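Student: Fold the stuff below for me.
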Amino acid sequence: FSNRVRDNRFTPVCLTREGRPLDFACVPVGQYGGGAEAVTYPSFSALLDAFYAARERQERARQRGADLLRAASTARDRLRRKLALQEKEYAETQNRDKLRIQGDLITANLYRMERGQARLECENYYEGNAPVSIPLDPLLTPQQNAAKYYKRYTKAKTAEKYLRQQMDLARRDLEYMESVLAEIAQAETEADYLDIRAELREAGFLKKQGKKEKARPAAPWVFRTSSGLRVLVGRNNRQNDKLTLKDADRRDLWLHTQKIHGSHVILRCAGQAPPEEDIVEAAMLAAWFSQARESGNVPVDVTEVRNVKKPAGGRPGMVIYTTFRTVNVTPEEETVKRLRAK
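Tutor: As a prediction, this is how the structure comes out:
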């Protein structure tokens, strides 16, 4: 090192890790081994310009990611509270027959009732003439009290159907929001975050306000299997839809973690039977780019693209599929890096 300084032999070197700037130096640095890549620049000015420009982009992407994560988490929590309230109201509608019976008992005992009563003590002929006490509104006539119970019964009956529909929608939106949170966790660049933000705006979870940011959709991640077949991995829900429903050949293989949020994975084989090793490698990519990244023995469903359909009214990224088989894999970072390098 002292000889380099004495001879004024300096080399502008930038160290990167997975494409992100790590550090810079004036001499070649080898202490990281394969843990970092060294990029040489023609001048220190070019080195510093590139390093801090990349750092600025990285910080801007990090800030966008934090804002987006906060917005998506808030929307998810709001949906959870909404669904819990709907489930509580739905449970209350299941006791509506009690309201109808109380109306029937009041009607059957009109002859023994007077206006101003606060309670009716009578026999419940629905349960073997067991004694029952029914609260009344003293300001209403006996007939009006009976009508009030029938009205509450009818309202609960109508609410049951409405709440069932609303709970289905809330569960669908909650599942969708969980998939968006999985996207945010996997996002790498500012373009990824812009894509997800645009997706949330289109879905109605973010307000469309101010100047619209022009985003250039990022391309899918591209990998190569051991035999050289291309594997495409979607970065977000909108890209998943485009990749599966528009870009892929109907005879390609489609892979996705079973009942776990993750990316759509396309193994480009166009109807040819790929080696089992290639299918396992593509399944490992599906497991890696999912919420099961840190898990073992992850189930991944495999089917031809032709068997994958978009359900009516489905949110971005949501599909249904048939005629599949399941491969169990344990995602490994080293394998993912090796496949990306090919």
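Student: Any idea how many residues pack against residue 264?
Tutor: By the other C-beta atoms under 10 Å criterion, the neighbourhood of residue 264 contains 26 residues. All C-beta spots, glycine's among them, are computed from the backbone N, C-alpha and C.
Student: Check it and give its pLDDT.
Tutor: Per-residue pLDDT puts residue 264 at 96.
Student: these two touch, right, it and residue 243?
Tutor: Yes: the criterion here is C-beta atoms under 8 Å, and residue 264 meets it with residue 243 at 5.6 Å.
Student: For those two, list the residues in contact with both.
Tutor: By the contact definition C-beta atoms under 8 Å, 6 or more residues apart in numbering, residue 264 and residue 243 are jointly contacted by residue 234.
Student: max-length helix in the chain?
Tutor: Across the chain, the helix with the greatest residue count (assigned by DSSP state H) is helix 44-93.
Student: which other helices and strands contact it?
Tutor: Using 3 or more C-beta pairs under 8 Å, 6 or more residues apart in numbering; DSSP states H and E as the contact criterion, the elements in contact with helix 44-93 are strand 13-17, strand 20-25, helix 142-186, helix 190-203.
Student: and for the second one, what are the contacting residues?
Tutor: When contacts are taken as C-beta under 8 Å, 6+ apart, the neighbours of strand 20-25 outside the stretch itself are 12-16, 29, 36, 47-48, 51, 54-55, 58.
Student: Quick one, which of these are buried?
Tutor: Buried residues within these, counting neighbours by 16 or more other C-beta atoms under 10 Å: 12-16, 29, 36, 47, 51, 58.
Student: would a markdown table of those with distance to residue 107 and pLDDT be doable?
Tutor: Shown next, in a markdown table, are the buried ones among the contacts of strand 20-25 (distance: C-beta to C-beta, whole Å; pLDDT from 0 to 100):
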| residue | distance to residue 107 | pLDDT |
| --- | --- | --- |
| 12 | 93 | 90 |
| 13 | 92 | 89 |
| 14 | 87 | 89 |
| 15 | 85 | 87 |
| 16 | 82 | 86 |
| 29 | 91 | 84 |
| 36 | 84 | 81 |
| 47 | 90 | 86 |
| 51 | 84 | 85 |
| 58 | 74 | 74 |
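Student: Tabulate those residues in CSV, adding columns for distance to residue 84.
Tutor: Rendered in CSV, the data for the buried ones among the contacts of strand 20-25 read as follows (distance: C-beta to C-beta, whole Å):
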residue, distance to residue 84
12, 58
13, 56
14, 51
15, 49
16, 46
29, 54
36, 48
47, 55
51, 49
58, 39
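Student: between these, which is closest to residue 230?
Tutor: Checking those against residue 230 with C-beta to C-beta, the nearest one is residue 16 at 24.9 Å.
Student: which residues does the nearest residue to the closest one once chain neighbours are set aside contact?
Tutor: Leaving aside its chain neighbours, residue 16 sits nearest to residue 37 (5.0 Å; criterion: C-beta to C-beta, 6 or more residues apart in numbering). Remark: with contacts taken as C-beta under 8 Å, 6+ apart, residue 37 is in contact with 15-17.
Student: and residue 37, what pLDDT?
Tutor: At residue 37 the predicted local distance difference test score is 84.
Student: ok, now residue 328?
Tutor: If you check residue 328, the pLDDT there is 96.
Student: Kindly indicate whether it is helix, strand or coil.
Tutor: In the three-state summary, residue 328 is assigned as strand, counting by DSSP: H, G, I helix; E, B strand; the rest coil.
Student: is it in a bridge, and if so with what?
Tutor: Using DSSP bridges, the beta-bridge partners of residue 328 come out as residue 299.
Student: so how many other residues sit close to it?
Tutor: Residue 328: 13 surrounding residues under other C-beta under 10 Å.
Student: hang on, the earlier thing: I'd like to know which elements the next helix-or-strand element following the longest helix of the chain is packed against.
Tutor: Read in the C-terminal direction, the helix or strand following helix 44-93 is helix 96-108, with elements assigned using DSSP states H and E. In terms of contacts (3+ C-beta pairs under 8 Å, 6+ apart), helix 96-108 is packed against strand 119-124, strand 130-135, helix 142-186.
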